[in-house]
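Novice: one predicted model, sequence on top.
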Amino acid sequence: MGTEQILKLQPDRTLYLRGFDGTGAAAALCQASPTGFTVCGVFRDIADFCVLVIYDADNLFEHYSVKYLPSFDLSGMVLNFSLSYQGLQPIDSAKFSWIDWAQLDVVPLVGDPAKITLWDHATLASGTYSVAQGVYTFSAPGGCYIYDRLTLYVNNVVFDFVANGDPKETAAYVAQWFADAINSYPWIEWTEKGVVFNSSSVVIASADDSGNLTLKYARAGLVNVNGTSVEWVAWIKFPGIAPGSTICLNGIPYTVAAVSSPTSLTLTTPATSGTNIPYVAECGGSDGNDLVVYMVVRPGNINLTVNNPVLQLTGRNSENVIWDISLDFSALGIDQIRQAWLTFAPALPAGTPYTDTEWTATFTNWSVTDPNNKRPLQIAGPGSLRVGNDQSSCTYSDGWNLQPANNYWHGFARITDTPGSSVTLTYTINQTHDLYLGTSLYIDRGMVSITLDGTALPDLDCYLETGPSLSNPGSEVVTRRLLLAGVAAGAHTVTLTLKNTNNPNSFGFSFIFDYIEAALPTSDVNDATVTYSNVSPALDFDTDATYKMSPQRLLWHILKLGFRGQLNEYLGVFWWNQRKRAGATWNSAVVTIAALSGGTWTDTDYLTVAIGGFTMKKSLIYWDTAETIAEHFVCYINSASVSMRAEITGSGEFTIYPR
């Protein structure tokens, strides 16, 4: 193997998995190389997920001889990769992220966490990104009769055609009327309160001379237009819009010539220039197959009919589509980071319970541009010196206790939660070095003052928000922190003192002292100086250091430590468990539609169904029946909600279930 470098964002050296264990779901990171990798697994519940950590400054895994030193600087770097999902909620979905499957999560070195929407930085590389669509066919022999009426519902949006009895009102006329009404509808508006979305689902329409109305699933947003140039302003960006497809600007259809970036496209013909212009464009992907629209037909219609009042949009495709993703860390304001990860979630089924699903995420063409040469990671190279907490050169004041743990150096550290407690140690090294403290960061940690040879160094705050909530605080991060770079060679004295002030977010004053390290940083990772031809470490697939990493990273680690013996890996019984519900029932709510006092409803009535803070509305018309109202809410819930699904369970009755 020889000498090599470890690089930030290197798939076969620094990536790992987390988050999927303990619930019956399983995942693996495999086929890792410098230019790509695969993550695959099985989900058994819609609440399952898997996290892929693409960078962690605090390396949790390798032996100290090859464990890279913490480095937070990604300035100037641009990460590019191609991505394809099978069996996962796709990044192009506009649905609410019940877990962060649509984002790159970033924990910066300082400041609040950031979420970067992948779709906003994607371009369609290959594959058929088909659009879900459906066709209504109208019939009006001899033209519409006066008061013939059809009312189209797209979730909460209503398009109501009432005939005047004019001979020109043919089937083709009716189809075009609906197309014009749909394309000019203000699906999105710019108001004093900001962007307002008037529907949870959007469609775009076209009509032909045979009375066919084609509805396609769509996206909407606001744009600035200058001739043939269209620039994104707000809401959904342009990835996946295909050249040759239709885009409506202020209700007027145009043809897309090319999409040059997620925020810029050109038209084949000039449009009226302006700012904050509403746009609607065809949208491929799996969301479209969740949409069902329907028409209420006036029972007294004489001539005007439609072939099928309920229309399920079909033909979508999000799988086997490859997206090119480009993430410029400096431009995004996330170039000083502690950790960054992607999340995989189960594909949301359309109105049905979730069933066990095998899934795959394939990453190819992985590359990083690094103009500032910030990507190479360093290790504490040969000649580095470590002073452990148990060595005779350490002198402790009162207030310290022994703290055993497998992830501390030599299996234990010293802990104090008494402000004023201190430890003083000495060391000697004959080379200029960087001084590191081995410690533990957590939500109850204190702040430490540091002196080197009697000179005060900046305080070290050991508080770290390690979990998503107080009820799920996560685990301590055992790591190193740089105290001072470029320390001169010679004998030195270090004193660490727990202060009586701490981070206002901390729950305590605890401080862990593991070791002091005088590191001689190098980006060259050499082979082991001693090899063992017939020895290998014991491997257990139930431990973090195996199942969370790729085989390629694990094998590299073993070889760098000098082990050359045959590997024998134990597969724990946990991985044979397959969670399955037995005797469980879903909570549900049954909704029955009935007119008050035996009467009926009028065109001024409306009905709402609220699930928590999510309120769905149906404007009623005289011709509505209990069945059409029930159908409305089933369609609405299944297309718009990620937490609930609904089914027709009787005449004028539907049942709501949690997903």
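Specialist: That came through fine. Residues are numbered from 1 along each chain as shown.

Novice: hey, where'd the helices end up in this protein?
Specialist: In the chain, the helices defined using DSSP state H lie at 11-14, 171-184, 544-547, 551-560, 626-640.

Novice: deepest of these, which one?
Specialist: Of all the helices of the chain, helix 11-14 carries the top mean neighbour count, a mean of 23, counting by mean count of other CB atoms under 10 Å. (Glycine included, C-beta is placed from N, CA and C.)

Novice: closest to C283 out of the helices of the chain?
Specialist: helix 626-640 (13.2 Å; CB to CB).

Novice: same for the closest one, what does it pack against?
Specialist: strand 292-297, strand 606-611, strand 614-619, strand 644-650, strand 653-658 (3 or more CB pairs under 8 Å, 6 or more residues apart in numbering; DSSP states H and E).

Novice: shaky segments in this protein?
Specialist: By pLDDT under 70, the low-scoring segments of the chain are 1, 21-24, 190-198, 317-318, 469, 573-579, 596-599.

Novice: need the longest strand for it.
Specialist: strand 212-235 (DSSP state E).

Novice: reformat the helices of the chain as JSON lines; add distance to E653.
Specialist: Formatted as JSON lines, the helices of the chain follow (distance: least, CB to CB, whole Å):
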{"stretch": "helix 11-14", "distance to E653": "52"}
{"stretch": "helix 171-184", "distance to E653": "30"}
{"stretch": "helix 544-547", "distance to E653": "47"}
{"stretch": "helix 551-560", "distance to E653": "54"}
{"stretch": "helix 626-640", "distance to E653": "6"}
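
Novice: among those, which is nearest L348?
Specialist: Closest among those, once you apply CB to CB, is helix 626-640, at 9.9 Å.

Novice: what about the closest one, distance to the chain center?
Specialist: 29 Å (CA atoms, centre = their mean, to the nearest Å).

Novice: that one vs strand 644-650, what angle?
Specialist: If you take axes from the mean of the first three to the mean of the last three CA atoms, to 10 degrees, helix 626-640 sits at 160 degrees to strand 644-650.

Novice: what sits up against helix 626-640?
Specialist: By CB atoms under 8 Å, 6 or more residues apart in numbering, the list of residues contacting helix 626-640 from outside reads 153, 155-156, 200-201, 290-294, 296, 310, 350-351, 591, 593-595, 607, 609, 611, 614, 616, 618, 620, 644-648, 651-654, 656.

Novice: contacting residues around stretch 459-473?
Specialist: Stretch 459-473 has contacts (CB under 8 Å, 6+ apart) with 437, 439-450, 474-477, 481, 483, 499, 502-503, 505-506, 510-512.

Novice: quick check: buried residues in that stretch?
Specialist: Residues of stretch 459-473 classed as buried: 460-466 (neighbour count, 16 or more other CB atoms under 10 Å).

Novice: adding distance to A122, write those residues out as TSV.
Specialist: Shown next, in TSV, are the buried residues of stretch 459-473 (distance: CB to CB, whole Å):
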residue	distance to A122
L460	40
D461	37
C462	39
Y463	36
L464	32
E465	30
T466	31
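
Novice: which of these fall in strands?
Specialist: Mapping the buried residues of stretch 459-473 onto strands (DSSP E) picks out 460-461.

Novice: closest one of the buried residues of stretch 459-473 to D166?
Specialist: Taking those together and measuring to D166 by CB to CB, the closest member is E465, at 67.5 Å.
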